[in-house]
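Student: need a 3D model of the sequence below.
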Amino acid sequence: MNQVAPTHSSSPPTAPESPSADTPTVTDAQVGALRSPALRELVARGLVYQCSDLAALDARMCAGPIVAYNGYDLTAPSLHVGNLVTLMMLRTLQRHGHHVIVLLGSGTTKIGDPSGKDDMRQMLDAETIQHNRDRIETVVRRFLDFGDGSTVDERATRSESVASSASNVIESARATARPAVLVDNAEWLDELAYIPFLRDVGSHFTINRMLTMESVQRRLERSQPLTFLEFNYMILQAYDFAELHARHDCVLQTGGSDQWGNIINGVELGRRMRDAKLFALTAPLLLNSAGQKMGKTVGGAVWLSADLMSPYEFWQYWRNIEDDDVLKVLGIFGDVPDAEMQRLAGLQGSAINDAKVFLATELTTLVHGRAIAHEAAATARETFADGGSGRGDGLPRVAIPRDELEAGIPFFLLLGRSGLVGSNSEGRRLIQQGGGRVNDIQVTDPHHSVTFEDLNEGELKISAGKKKHAIVHVETA
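Tutor: Below is the predicted model:
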């Protein structure tokens with residue numbers, strides 16, 4: 001097994017000043033002084049919240065291309081819209097000619113990040129981690145150019161009204177982009193020797209500092225157990241940054257603001273181990289105008305994989321966001337010219353719905369491609385704008401065994417199984433309040449039996465309110 005390389009003393013006299021774990025958010029004055037085009041665009045998009053040393057990072061990026069990375073643990077079989085925020089950070093950096101690294105955390109997934117969790121994460125076996133890794137790699141390749149033709153630049157071709165401007169952005173990106181690199185931290189974490197790691201890396205961490213981490217304090221305040229395994233997570237993530245600096249001259253780690261403490265640990269470890277000037281840059285969490293976290297539905301997360309959330313459901317999620325959130329979300333995820341943003345900002349009253357349709361189609365194009373986005377928009381028109389009687393080929397589909405349909409299924413249970421409601425009690429209430437429909441016919445009895453006889457050409461349509469629909473069909477063997 002490889003041993004960790006010898007390090008500098010724990011506090012070298014020439015090392016730069018250590019950044020604070022509670023570094024304040026970036027100020028308007030700092031933003032106004034920025035010269036780096038990449039940083040200026042990140043700020044304009046709303047993708048900058050905290051930085052360990054913004055002025056120094058700006059100067060470093062103006063001096064030439066830097067190497068930046070973002071890590072993703074493999075706890076699920078896909079990424080979600082919260083992860084898309086950090087992918088857009090990398091995408092923006094790459095477009096401006098910087099080198100970007102995507103780190104897939106097969107190693108750290110075996111530990112589990114305690115951040116934001118009251119309980120220990122479920123331990124995943126090697127087969128599940130590999131399965132998740134393969135799927136997540138497929139997702140990240142949609143958004144970055146890895147130099148192998150796998151990137152989806154065509155997805156950046158937006159609605160016809162902005163196609164020309166978007167095309168110019170894409171051609172500029174192709175001219176300057178450097179291929180992204182995909183790494184897996186199991187490559188070095190799995191080979192660490194325990195005693196040398198404790199001596200060479202563990203000596204740079206104090207229990208005093210570790211106990212101040214929000215993820216630790218949260219568990220202790222709630223009298224929830226925090227295992228020694230999880231306690232080590234922050235050390236391993238910090239070591240990832242130091243290792244990427246040694247291997248790839250990586251100087252910047254990006255992430256969501258909830259990862260600030262973990263990222264700062266890496267900045268500090270690089271300073272102590274290698275006398276390196278590293279940087280932390282976080283984006284704000286994706287919140288709506290009411291301060292609530294976006295990216296959640298009754299069925300769970302807003303996933304970036306079509307088998308976990310259909311493109312129609314994805315489109316519909318963005319179509320239904322609050323009016324005040326449209327321009328912010330477009331700024332984060334879109335490639336929309338200033339003139340078009342100004343036009344959308346000027347829409348008032350019911351016309352704001354046009355901006356929501358534009359937004360939904362933009363984001364669905366980014367994630368699933370233009371043709372699928374247009375199909376989702378067409379399904380919505382068929383389902384809603386054309387009187388609500390259309391079946392809609394793009395609606396979510398749920399398969400029910402033939403014998404269950406022949407016996408009959410209470411409508412409230414069918415709504416729950418389809419994912420249109422979050423619980424059976426929610427389904428009962430919705431039906432009693434007149435929000436449930438079968439084949440566009442209102443049903444007010446939660447126990448109404450939906451049977452095989454309700455099928456039309458092997459399918460039936462169920463609705464929860466005016467905007468949530470699904471197609472029920474017979475499960476095939």
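Student: when you work out contacts or count neighbours from here on, use the C-alpha atoms and nothing else.
Tutor: Noted.
Student: who are the contact partners of residue 373?
Tutor: Residues near residue 373 by C-alpha atoms under 8 Å, 6 or more residues apart in numbering: 311-312, 315, 361-362, 364-365.
Student: now for these: which two are most distant?
Tutor: 312 and 362 (13.0 Å; C-alpha to C-alpha).
Student: let's see stretch 307-323 as CSV, backbone CA atoms only.
Tutor: Output of stretch 307-323 as CSV, limited to C-alpha atoms (Å, rounded to 0.1, in the frame of the first residue of the first chain):
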residue,chain,number,x,y,z
ASP,A,307,-35.9,7.1,-15.3
LEU,A,308,-36.0,8.7,-11.9
MET,A,309,-38.0,11.8,-13.0
SER,A,310,-39.6,11.9,-16.4
PRO,A,311,-38.7,14.9,-18.6
TYR,A,312,-42.4,15.9,-18.5
GLU,A,313,-42.3,16.0,-14.7
PHE,A,314,-39.0,17.9,-14.8
TRP,A,315,-40.5,20.4,-17.3
GLN,A,316,-43.6,20.8,-15.2
TYR,A,317,-41.6,21.4,-12.0
TRP,A,318,-40.0,24.5,-13.5
ARG,A,319,-43.3,25.6,-15.1
ASN,A,320,-44.8,25.8,-11.6
ILE,A,321,-42.2,27.7,-9.7
GLU,A,322,-43.1,31.1,-8.1
ASP,A,323,-43.1,34.2,-10.4
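Student: give me the buried positions along it.
Tutor: 309-319, 321, 323 (16 or more other C-alpha atoms under 10 Å).
Student: just stretch 288-307 next, same as before
Tutor: For stretch 288-307, burial by neighbour count (16+ other C-alpha under 10 Å) applies to 288, 294-295, 301-305.
Student: okay, now that stretch: how far is its last residue from its first?
Tutor: Distance between the boundary residues of stretch 288-307 (C-alpha to C-alpha, to the nearest Å) amounts to 26 Å.
Student: now do stretch 328-339
Tutor: Stretch 328-339 has an end-to-end distance of 16 Å (C-alpha to C-alpha).
Student: related to what we said a few turns ago, got TSV for the buried residues of stretch 307-323, with pLDDT, distance to residue 455 and secondary structure too?
Tutor: Converted to TSV, the buried residues of stretch 307-323 look like this (pLDDT from 0 to 100; distance: C-alpha to C-alpha, whole Å; DSSP: H, G, I helix; E, B strand; the rest coil):
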residue	pLDDT	distance to residue 455	secondary structure
309	90	24	coil
310	88	22	coil
311	93	24	helix
312	88	22	helix
313	86	23	helix
314	93	26	helix
315	92	27	helix
316	85	25	helix
317	89	27	helix
318	94	30	helix
319	89	29	helix
321	89	33	coil
323	91	37	helix
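Student: domains in the chain, by residue range?
Tutor: 28-144+180-283, 296-385, 397-474 (automatic domain parsing).
Student: alright, that wraps it up for me.
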